[in-house]
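# Give me the fold of what follows.
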Amino acid sequence: MIKIAPSILSADFADLGREVQKVESADWLHVDVMDGMFVSNISIGVPVVKSLRKATDMFLDVHLMIEKPVRYIDAFADAGADLLSVHLESDMPPGIRAALEAMDRRGVKKGIVLRPITAAEAVLPYIKDVDLILVMTVEPGFGGQKFMADQLPKIAAIRRYINEHNPDCRLEVDGGVDPNTAPLVIQAGADVLVAGSAVYGAVDPAAAIKTLRGE
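Predicted coordinates for the structure are as follows:
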């Protein structure tokens, strides 16, 4: 089943509670955390995740675009994240392992993320230990970018790895997902779609969510 995870990066931050209600028909809520170092932009942090947890029972899919993320696993787990995903490029392999082990200790689901420049094979050392792999189809850090179609073969390759090594793992795609690109990433093997402006920029977000699912 395809899951849709609207990104609150595209929401109106002046009234996040109302913005969450707009997308309650979605499966997950995607939360982009940026530190101004791993990526050049700065977004939200622990207090906003904590506020979102109070405002909704939706599954909080928290994407950490931060350097050395192991430092913040406990804080985001305390804030109410259901899943934390860390970029393979954000630390050396021992640091990524430590972050995943910290997620295990806290009982949150574990994800890894690849920037467009990172090869599909980079997931192999971790694939048996994670619940989700996220492929970025834009450069991380800013919303509203154009979908990078050259990432489709990577999505397909990771789907093959998942089928072989960890069939329960989810394959998520984030970046430029809209009614035109959603069928492409689904065909390539993705089963969780992150969408920002395609949902929050729609006149009817609930209808937009159905369209992305292919309903």
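# Can you pull the phi/psi pair for the residue nearest to the spatial centre of the chain?
The structure's the chain has its C-alpha centroid closest to residue 63; by C-alpha atoms, centre = their mean the separation is 5.0 Å. Dihedral angles of residue 63 (phi, psi; degrees, to the nearest 10) stand at phi -100, psi 110.
# Using the neighbour-count criterion, name the buried positions in the helix or strand containing residue 185.
According to DSSP states H and E, residue 185 maps onto helix 182-188. Within helix 182-188, the residues that qualify as buried are 182, 184-186, 188, counting by 16 or more other C-beta atoms under 10 Å. Where you see a C-beta, it was placed from the backbone N, CA and C, and this is true even at glycine.
# Name the surrounding residues that touch that helix.
For helix 182-188, contacts defined as C-beta atoms under 8 Å, 6 or more residues apart in numbering pick out 2, 137, 149, 152-153, 155-156, 159, 173, 177, 193, 195, 211-212, 214.
# Mind checking what secondary structure residue 157 has?
Three-state call for residue 157 (DSSP: H, G, I helix; E, B strand; the rest coil): helix.
# if we can go back for a sec, taking the contacts of helix 182-188 one by one, which sit in helices?
152-153, 155-156, 159, 211-212 (DSSP state H).
# so where's this structure uncertain?
In the predicted model, the chain carries pLDDT under 70 at residues 142-145.
# Would you map the strands across it?
Here the chain has its strands, by DSSP state E, at 3-6, 28-34, 59-65, 83-87, 109-114, 132-136, 170-174, 192-195.
# neighbouring strands for the fifth one, and are they parallel or not?
In the sheet, strand 109-114 lines up against strand 83-87 (parallel), strand 132-136 (parallel) (DSSP bridges).
# quick one, the first one and strand 59-65 angle?
What it means is strand 83-87. Here the directions of strand 83-87 and strand 59-65 differ by 20 degrees (axes from the mean of the first three to the mean of the last three C-alpha atoms, to 10 degrees).
# now strand 83-87, how far from the chain's geometric center?
Strand 83-87 has its C-alpha centroid displaced from the chain centroid by 8 Å (C-alpha atoms, centre = their mean, to the nearest Å).
# Would you mark the buried spots in that strand?
83-87.
# Make TSV out of the residues you listed and add distance to residue 34.
Shown next, in TSV, are the buried residues of strand 83-87 (distance: C-beta to C-beta, whole Å):
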residue	distance to residue 34
83	17
84	14
85	13
86	13
87	11
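# Mind putting the buried residues of helix 182-188 into TSV with distance to residue 129?
Shown next, in TSV, are the buried residues of helix 182-188 (distance: C-beta to C-beta, whole Å):
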residue	distance to residue 129
182	28
184	28
185	24
186	25
188	23
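# Those residues: which two are farthest apart?
182 and 188 (10.9 Å; C-beta to C-beta).
# circling back: turn the strands paired with strand 109-114 into JSON lines, columns for distance to residue 7.
As requested, the strands paired with strand 109-114 are exported to JSON lines (distance: least, C-beta to C-beta, whole Å):
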{"stretch": "strand 83-87", "distance to residue 7": "13"}
{"stretch": "strand 132-136", "distance to residue 7": "12"}
